[in-house]
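Novice: Sequence first, then the predicted structure, then my questions.
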Amino acid sequence: MNPSDWGLRPLVVDDVDAVHAVYSDPETWRHFPEGVFVERERSVALAERAERDWRESGLGEWAVTVRDDVVGTGGVSPRAGWWNLGFRLAPSVWGHGLGTWVASVAVGAALRTQPDWPVVARSMETNPASGRVSEQAGLERVHVEPWADGPARIIHADRPLDRRLLAEIVALG
């Protein structure tokens, strides 16, 4: 897969069919099977939130493309005083560096858009690839939260997080 074929553009509702194909694929949720998007409405809500984020904050999730085909989503979403870094890509594009590229571009965009906000990524200990992508994008592991009903949650950030913000992020699960 040639990196010159990779692209990013703001995620919009017109992308819902391609997004739902990725988010409804159980393989993309291997580390969190209960997260699979069964209902198409969840994909619609994701795209609507992205459109709102772009409109209100100037930054949000992107449609990730390869040769103009949407192969997933990625980027940052604004939260209350921080950026949430995330990415979900079709298995057919895993292992080529696309996730790391998306995450790296997103971290840079977030820091240019609102540099006072920390960039945070959340993953599960059972998904070490996600944590590696966050680290390759410049984030550091700042917290591990044991979880009673599943694998520990790993929190990466571009800076130390104050106690209040860390507690808020941990509460999200």
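Specialist: That came in fine, so what should we check first?
Novice: and Leu166, what does it touch?
Specialist: Val142, His143, Ile155 (Cβ atoms under 8 Å, 6 or more residues apart in numbering). All C-beta spots, glycine's among them, are computed from the backbone N, C-alpha and C.
Novice: my guess is the second one meets Arg163, correct?
Specialist: In this case it means His143. No: in terms of Cβ atoms under 8 Å, His143 does not count as a neighbour of Arg163; the distance is 10.6 Å.
Novice: between those two, who's got more neighbours?
Specialist: Using other Cβ atoms under 10 Å, the more surrounded residue of His143 and Arg163 is His143, with 16 against 7.
Novice: in what helix or strand does that one lie?
Specialist: For His143, the host element (DSSP states H and E) is strand 140-145.
Novice: OK, contacts around Asp116?
Specialist: Contacts of Asp116 (Cβ under 8 Å, 6+ apart): none.
Novice: Distance of the most far-flung residue of the chain relative to its centre relative to Glu168?
Specialist: Distance to the chain centre peaks in the chain at Ala148, reaching 23.8 Å (criterion: Cα atoms, centre = their mean). From Ala148 across to Glu168, the span is 19 Å (Cβ to Cβ, to the nearest Å).
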